[in-house]
Structure formats: structure tokens, C-alpha cells
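Undergrad: model this:
(2 chains)
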Amino acid sequence: MSDRPAKSYGIIATFQTAPQLYHAAEQVRDAGYRHWDCITPFPVHGLDRAMGLRRSIVPRISLAGGITGFITGMTLIWWTGAWDYPLIVGGKPYFSPMFAFPVSYELTILFTAFATIIGMFVLNGLPMHYHPVLKYEHIRRGMDDTFFIVIEARDPRFNAANTRALLEKAGGTAIAELEA
Amino acid sequence: MIGLIGLGLTGLGIFVSGAAKVAVSYLVGFTFWTAIAIGMLLMCLIHHIFDASWSVVIRRQWEHGLTAFKWLAILFVPLVLASLFYQRDLIWPWMNPAHELHGGHTVGHDPLYVKKSGFLNVQAFVIGSAAFFLLWIWLSARLRKASFTQDADGDLRWTFMNRRTAAFGIPIVALTLTAASIYWVKSLEYHWFSTMYGVWFFSNCVRGALSCGVLIMVWLLGRGDYRGVLNNNHFHSIGMLMLAFTVFWAYVTFSQYFLIWNANVPEETFWYNLRELNHDGSTNQWWYVGLVILFGHFFLPFFWLLSYRYKVTPHIIRRIALFILAVILIDLCYNILPILKDPNGDPLPFLSVHLLWVLTSLAGVGGICVWAYLRSFPTAKLIPIRDPRIGESLTHHE
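TA: Numbers count the residues shown, from 1 in each chain, chains lettered A, B, ... in the order given. Next up, the predicted model:
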């Protein structure tokens, strides 16, 4: 228990319609903020561009997983069949990429799937059991009919007065501070 | 015009290389375009069975492509007539029971032919080929009529009719394209066994149709017709399908090769041996063609199509589509041309004079198919404006 004032997480602003939020997001993006987010009751198409988000890097993680899986499969067959315990099966060579291919192919898919799921979770910051906006009393409207923009205090451009002014200029209402 | 010039040049080829080589080369050009037309038919059917939305704006171009079937049917007739009345074993050796085989006996006394003759006989070939084309033309006509009429009256029943056509059309096309690939291509080496053949042909059909779809999209976008209709996501979606079918082609082709390699039974391995080694054990040109197919038909397109940027940049995806079409042609050459043998029983090399007749017949049959497409193009709206999913298609997003 501490009686010091709670540390600020950031500022939240409310918007009534998707177009308002969309244009406000463009202004926040153009002001150069990086640690901020939009909260909407449904996916707003094109919002990622309005927020200046790049395409996800999950595909690269998937590719890395796939390559790892392929190499693992090839190495597994080569190591077991040709190196650790050389054994002739069906008159075939100790090692051939031919019969190592089905295994490598399966492991490529398996590792790609793992990398994709894990990469997605890590980049999303999931699982997340608590988020400061949950303390905001009107946040439930964000699952129904209201839109929010949250700008975090850790953003280098954050400044309580200027950020509040920006959100006001962008059309935000009920601007409030969130405690961390 | 190009079509007629190409066909004319192919005809001249008879005097240079002889009828057999020209006929087999013509079969490559004919099969290439037929595969693309079948692929377009499949894309339309698959579109309707899944009630897809994104592809509505592209589907119309495939529907125009379907007019090529009746011309392809006519273009197939010379091969059949030449085989029946000019020389029975001109292309398909099994059509002539007196055809002499390696080792002295004839097709008529070959147990492998006798056992297969219930399927592989001239009557079944002719009736079958006619039936394939009639079914394809009939399905195409149903799809086109329903789609074009809906432009005018906007009646939803055309959408339901197309969905029914798709439900029974997909099994019909699956069976007919399998049988067609067996009669026209695989039976060239009728000793051979492969249960993967129809699926291999299917994957080339769909890859050809998707690649042609991309070429048409980029062409119409550049000309201005598709401006405001297509966005990045249409290119992304068709690119993803191209990637999926690249993997599918590799899966099927590798399975065919791997099972034969693993079983190591002479009745099956001879087909690949012919395409790797001469009778004296030296490597022949088809070995390198096989490697071009392995890397060009799978690895390169696979890695290119992994990239989002490549898929959505029109001039890059166009280049990939052209590349895939070129390798489909090489794949068909690999499957068809080695039937032409030298006196030692070795296949004639890939780089022979008759490769020229492959290219002229490619231009010939292709010219006529493109002409058929262009003739159909102005007869309907650019996109199916009253399709119930047209709105979703125009605003297609990830």
C-alpha cells in the first residue's frame, strides 16, 4: 500500500464513429507517436495504414521455422541412417535426400506452424492477464459502440499537455489519464 | 492471325521433320492450351462451389477463356484423323497392333497391351476424346450463359444454377481430365504405370489457369479497364493460390517419382531411366531438363511466391506467371517428346529441330485460343456487375 500518486500509464480519448477515429489515428501517426493503440469494437479496415503500422514480421519467423524444420529432418535421417548406425534398408543408399524428403517436409510444416503460432503470441504480447485500460470505467463501451485511442506515457514524444491537446484537436472527447 | 501463321508453319514442318515428329510436337502445343482451358473451367467451378467472393471480378476473364474449348476440339481432330487414316502408330504406338516393339514382338502380342486393351483401344479413345470435349463445352456453356444473363436481369437463380453446375461439374471435370491425360499423354508409353498422372495433369492445369489469370489482370490493369476494380489483395489472393498449387504440383510430382524410385520395379523405372540415361549409360539431355523442372517448376516459384511484395507488385507477379507458363511447357515436353526415339531406342534430345514445331504449334493453338478469348471479351461486361458478391469482391481485403 502506497499513498504516493499512481504512475501514469497514458492518456485515453473517446471517439464516437469509426471515421473520426480513423482520421484521428492519422493525426497521431503524423505527430510521430510510436507507443499508442486504437481500441475498436470491430475491425476497421485500413486502420493499420492510418496508424502507420507495417506488415507483421510473423511470415519471416514462419520461414525461419520452416528452414529449421527442413534441416532438422534431413539431419535426422542422415545422422540416424548414415552416421550413427549405418544400415542398408531395401538396397538403398545409407543416405539419400529422396527418402529423407517426406520426413523433412513434415517437419518443415510442423516447425512452420509452431513458429507462426509462437511468433504471433510473442509479438502480440499474449497471454496478457492485465492491461491498464481495463481500469478505465467506460472501456466496456469499446466492445460495443465506442472507439478509443490510448497514447502511452513511455512514448518519447509524450507530454501530458501537448498530447492532450493533440487528441482534443483530433476530435477526441472525454480525455482522461490512465493510471498504470 | 498469329494462330493461323503458327499452324501454317507447323504444317510446313511436316516436310522438314516428317509427320511423326511434327504430330508429337503439335500434341505438346495442343495439350498446353487445353490444360489452361481446363484449368480455367476448374477455377470457375471451384469459385462457385465455395461461393467465393474475392474472385468475382476475375472470374469473368476465365469465363471468356472457356470459349476456346470448341476450337481446341476442332484442333484435336487432325491428330485423330492422322492416327486413324494416315498411320496408326503416328503418335500413340498402341493404336497399331502391328507396331514393332523393342525385342521383336508386336503390340498385338504384348501381354501388357492385351491386358489394357479394354481401356486402350481406338474406339474408346475416339469416343472418349469426343465425350471429354462435349462435356467441357457443355459445362462452359452453362457457366457462361448463367453468368452473362445475370448481368442483364440480376436474377439470383443464375448464381444457384452455377452452384449446381459446380457441384456436379467438378467430379465430371476431375474424371475427364484424368482420362484425357491418360489417353493423350500417358498412353504414349503404355507400358508405364502411375496412379498420380491425372493429379499431376490437374496441378498443371490449375497453375496454367492461375498464371494466365494474372497475365490478364496485369494486362487489363495496365490498359485501364481494371483500374479501381483490382487492389493489392486480389493479387495477394491469386498469388497465394499460385503458391499453394506450386507446392501441390511438387507434392504430386515428387510422390510419383519417389514411389517409383523406392519400389525400384523395372516396369515403372524405365520411364524415368529413359529421361536420364542413354542405353550406353551416358547422361542425356532429358536429365538436365528434369533438373530444370525440379528447380524451375518448384523451388524458384516457391521462394518467389513466398514474398508478399512480389505477389502484389503487378510487373513482378507477371514475370513469375510467365516463368511458370514456360516451365509448364517444358514439363509437358518432358512427358511427351521422349516418345520420339532414335534407332538405339534412346529418346531424341530436347534441343532438336522438332522443338521448333513445338513452338510453332504453341503459337498456332495459342493464337486461336487468345483470338477466341478476345472475340468473347467485348460480348459481356468487364466484371459480373450483378453478382451478389460483387460488392465484397470490389472491396476485397485481407
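Undergrad: and residue 34, what is it in contact with?
TA: This is for chain A. Each residue near residue A:34 by Cβ atoms under 8 Å, 6 or more residues apart in numbering or on different chains is listed here: A:155, A:156, A:157. Heads up, the C-betas are built off the backbone N, CA and C, glycines and all.
Undergrad: wrong chain, I was asking about chain B
TA: By Cβ under 8 Å, 6+ apart, the residues touching residue B:34 are B:72, B:76, B:180.
Undergrad: can you pull out the helices in the stretch 201-350 of chain B?
TA: In the stretch 201-350 of chain B, the helices defined using DSSP state H, counting those that start in this stretch lie at B:232-263, B:266-274, B:285-293, B:300-306, B:308-312, B:314-336.
Undergrad: follow-up on the earlier one: name the nearest of the contacts of residue B:34 relative to chain A.
TA: Within these, the smallest distance to chain A is 29.6 Å, found for residue B:180 (Cβ to the nearest Cβ).
Undergrad: and the pLDDT for that closest one?
TA: The score at residue B:180 is 94. That number is its pLDDT.
Undergrad: one more: residue B:304?
TA: pLDDT recorded at residue B:304 is 93.
Undergrad: before we move on, what about residue B:2?
TA: At residue B:2 the predicted local confidence, pLDDT, stands at 68.
Undergrad: equivalent analysis for the one 4 residues further on, please.
TA: Looking at residue B:6, its pLDDT stands at 70.
Undergrad: so how far is residue B:30 from the closest residue to it other than its chain neighbours?
TA: For residue B:6, ignoring the flanking residues on the chain, the nearest one in space by Cβ to Cβ, 6 or more residues apart in numbering or on different chains is residue B:364 at 2.9 Å. Distance of residue B:364 to residue B:30, given as Cβ to Cβ, to the nearest Å: 9 Å.
Undergrad: for residue A:173, find the nearest of the helices of the stretch 201-350 of chain B.
TA: Among the helices of the stretch 201-350 of chain B, the nearest to residue A:173 by Cβ to Cβ is helix B:232-263 (33.9 Å).
Undergrad: mean confidence score for the closest one?
TA: Over the span of helix B:232-263, the pLDDT mean works out to 93.
Undergrad: tilt between it and helix B:314-336?
TA: With axes from the mean of the first three to the mean of the last three Cα atoms, to 10 degrees as the basis, helix B:232-263 and helix B:314-336 are set at 20 degrees to each other.
Undergrad: helices or strands up against helix B:232-263?
TA: Helices and strands in packing contact with helix B:232-263 are listed as helix A:97-124, helix B:56-65, helix B:197-223, helix B:266-274, helix B:300-306, helix B:308-312, helix B:314-336; criterion 3 or more Cβ pairs under 8 Å, 6 or more residues apart in numbering or on different chains; DSSP states H and E.
Undergrad: what secondary structure does the closest residue to chain B within chain A sit in?
TA: Per Cβ to the nearest Cβ, residue A:45 is where chain A lies closest to chain B, at 5.2 Å. For residue A:45, the assignment made with DSSP: H, G, I helix; E, B strand; the rest coil gives coil.
Undergrad: just read off the phi/psi values of the closest residue to it other than its chain neighbours.
TA: Beyond its immediate neighbours in the sequence, the residue positioned closest to residue A:45 (Cβ to Cβ, 6+ apart) is residue B:397, lying 5.2 Å away. Residue B:397 has phi and psi values of phi -140, psi 170 when expressed as degrees, to the nearest 10.
Undergrad: can you map out the helices along chain A?
TA: According to DSSP state H, chain A carries its helices in the segments A:18-30, A:47-50, A:58-78, A:97-124, A:160-169.
Undergrad: wait, what's in contact with residue A:103?
TA: Residues near residue A:103 by Cβ under 8 Å, 6+ apart: A:73, A:76, A:77.
Undergrad: can you flag the buried ones in the residues you listed?
TA: In terms of neighbour count (16 or more other Cβ atoms under 10 Å in any protein chain shown), the buried residues within the contacts of residue A:103 are A:73, A:77.
Undergrad: for chain A, which residues are neighbours of chain B?
TA: A:45, A:55, A:59, A:63, A:90, A:91, A:92, A:98, A:99, A:101, A:102 (Cβ under 8 Å from any Cβ of the partner chain).
Undergrad: what about the nearest residue to the second one once chain neighbours are set aside, how many neighbours?
TA: For residue A:55, ignoring the flanking residues on the chain, the nearest one in space by Cβ to Cβ, 6+ apart is residue B:308 at 6.4 Å. Close neighbours of residue B:308, defined as other Cβ atoms under 10 Å in any protein chain shown, add up to 16.
Undergrad: hang on, residue B:308 packs against residue A:60?
TA: No - assessed by Cβ atoms under 8 Å, residue B:308 is found out of contact with residue A:60, at 10.5 Å.
Undergrad: number of residues surrounding residue A:114?
TA: Neighbouring residues of residue A:114 were enumerated by other Cβ under 10 Å; the total is 15.
Undergrad: oh, that last question was meant for residue B:379, not what I typed.
TA: As a measure of burial, residue B:379 has 10 neighbours, counting by other Cβ under 10 Å.
Undergrad: who touches it in this structure?
TA: If you count contacts by Cβ under 8 Å, 6+ apart, then residue B:379 has residue B:148 around it.
Undergrad: hmm, try it at 10 Å
TA: If a contact means Cβ atoms under 10 Å, 6 or more residues apart in numbering or on different chains, then residue B:379 has B:64, B:67, B:144, B:148 as its contacts.
Undergrad: OK, contacts around the residue nearest the centre of chain A?
TA: For chain A, the residue nearest the mean C-alpha position is residue A:124 (3.1 Å; Cα atoms, centre = their mean). Contacts for residue A:124 (Cβ under 10 Å, 6+ apart) come out as A:56, A:58.
Undergrad: can you list the residues of chain A next to chain B in JSON lines and add pLDDT and neighbour count?
TA: Listed next are the residues of chain A next to chain B as JSON lines, based on pLDDT from 0 to 100; neighbours: other Cβ atoms under 10 Å in any protein chain shown:
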{"residue": "A:45", "pLDDT": "84", "neighbour count": "12"}
{"residue": "A:55", "pLDDT": "84", "neighbour count": "10"}
{"residue": "A:59", "pLDDT": "90", "neighbour count": "15"}
{"residue": "A:63", "pLDDT": "93", "neighbour count": "16"}
{"residue": "A:90", "pLDDT": "82", "neighbour count": "8"}
{"residue": "A:91", "pLDDT": "84", "neighbour count": "6"}
{"residue": "A:92", "pLDDT": "87", "neighbour count": "14"}
{"residue": "A:98", "pLDDT": "87", "neighbour count": "14"}
{"residue": "A:99", "pLDDT": "87", "neighbour count": "17"}
{"residue": "A:101", "pLDDT": "90", "neighbour count": "19"}
{"residue": "A:102", "pLDDT": "90", "neighbour count": "14"}
